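# Got a predicted structure here, sequence first:
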Amino acid sequence: MKKNIRIIVLFPTLLFLWISCAEKKVKLGKDISFDKEANIHYGNSSGQVMDLYIPDTKTSKEKDVFIMIHGGGWHSGNKSQLTFFTLSMMKRFPDHVFVNMNYRLASETNYGLPNQMNDIKAVTTFLKKKLRYNPKLIILGNSAGAHLSMLYSYQFDTDKQVKAVINIVGPADLSDPGFKNYQEYSFVERRLVDPRAPEPGMTLIDYASPVKWVKKDSPPTLSYLEIQIVLSLLHRKKYWIQL
């Protein structure tokens, strides 16, 4: 009986979020609403698409922006994976602008990096023009999206727009022995990084590892890790020294 009650309560909530997501105006309660622009092309590729949510308020105050980046092993997935999570974050942070973005996926014919870094940069450029100010960014990703969030924030954010990073089970060190057990590690080695991207003397894996780019002025990072990862890191002093 308890399970049935939970299903009955949950279904209207999901239905409400789905309806809200489909409309141009997203309402998340009595006093929270956003203007939504879906499937904006921020580049010429079919993969360069984003959803934009701007608070429906009359204030002229400049708002910080959450950029949400999906996972999928760098070669799969899309922004729909984070739609409901984005809506829940919007309800929690109603005075922020939100972007839920797709990016160009790695494949046997296209490298992931630096293309995926350039995609995040293209989104930030689009936001400057759209919002007519230079917003501070909180970049949030899960899995591969979390890796991209960290890598961009530590290495590619030359304008220092990123004020914080939220890493949800994303790999920070691709040379970690534990990550080498990843079932698609061979694809990562072959197709994640364009061999022309790293400086001479730097390996492809080091180039793609966020931990290799951490500096004193890197933005603060909140990480959510699986317990197995935490236990592994506790036994690796090298990781903590680098951080």
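All right, it came through fine.
# Could you count how many residues lie near the residue nearest to Pro94 when sequence neighbours are not counted?
Of all residues not flanking Pro94 in the chain, Ile32 sits nearest, at 4.5 Å (C-beta to C-beta, 6 or more residues apart in numbering). Every C-beta, even on glycine, is put in place using the N, C-alpha and C of the backbone. Applying the criterion other C-beta atoms under 10 Å, we find 17 residues in the vicinity of Ile32.
# residue contacts, Ile32?
Residues touching Ile32, when contacts are defined by C-beta atoms under 8 Å, 6 or more residues apart in numbering, comprise 90-91, 94.
# just the residues you listed now: which is nearest Tyr103?
Comparing those against Tyr103 with C-beta to C-beta picks out Met90 as the nearest, at 20.8 Å.
# For that closest one, pull up the helix or strand it's in.
Secondary-structure assignment from DSSP states H and E places Met90 in helix 83-92.
# Name all residues that make contact with Thr124.
Here Thr124 is in contact with 67, 137, 159, 161 (C-beta under 8 Å, 6+ apart).
# try Tyr154
For Tyr154, the contacting residues are 210, 213-215, 218-219, taking C-beta under 8 Å, 6+ apart as the criterion.
# isn't there a helix covering it?
Yes: secondary structure assignment places Tyr154 in a helix (DSSP: H, G, I helix; E, B strand; the rest coil).
# mind checking pLDDT for the nearest residue to Gln81 once chain neighbours are set aside?
In space, not counting the residues next to it along the chain, Gln81 is nearest to His70; the distance is 4.6 Å by C-beta to C-beta, 6+ apart. Confidence at His70, expressed as pLDDT, is 98.
# His70 is in contact with His147, isn't it?
No: applying C-beta atoms under 8 Å, one finds His70 not in contact with His147, separated by 11.6 Å.
# quick check, distance from whatever helix or strand Lys129 lives in to the centre of its chain.
With secondary structure defined by DSSP H and E, Lys129 is part of helix 115-131. Once both centres are worked out by C-alpha atoms, centre = their mean, to the nearest Å, helix 115-131 turns out to sit 13 Å from its chain's centre.
# got the angle for the next helix or strand after it vs helix 115-131?
From helix 115-131 onward toward the C-terminus, using DSSP H and E, the following helix or strand is strand 137-142. Taking axes from the mean of the first three to the mean of the last three C-alpha atoms, to 10 degrees, one finds that strand 137-142 is oriented at 140 degrees with respect to helix 115-131.
# what's next to strand 137-142, contact-wise?
Outside strand 137-142, the residues touching it (C-beta under 8 Å, 6+ apart) are 64-71, 81-82, 89, 96, 120, 124, 146-150, 152-153, 161-170.
# between it and helix 83-92, how big is the angle?
140 degrees.
# ok, then the element right after strand 137-142?
Sequence-wise, the next helix or strand beyond strand 137-142 is helix 144-151, with elements assigned using DSSP H and E.
# helix or strand right after that next one?
On the C-terminal side of helix 144-151, the closest following helix or strand by DSSP H and E is strand 162-168.
# neighbouring strands for that following strand, and are they parallel or not?
Strand partners for strand 162-168, identified by DSSP bridges, are recorded as strand 137-142 (parallel), strand 221-224 (parallel).
# Tell me which other helices or strands the helix holding Met90 touches.
Helix 83-92 sits against helix 2-22, strand 49-55, strand 65-69, strand 97-101, with contacts defined as 3 or more C-beta pairs under 8 Å, 6 or more residues apart in numbering; DSSP states H and E.
# which residue is nearest the centroid of this protein?
Taking C-alpha atoms, centre = their mean, the centroid of the chain lies closest to Ile69, which sits 2.5 Å from it.
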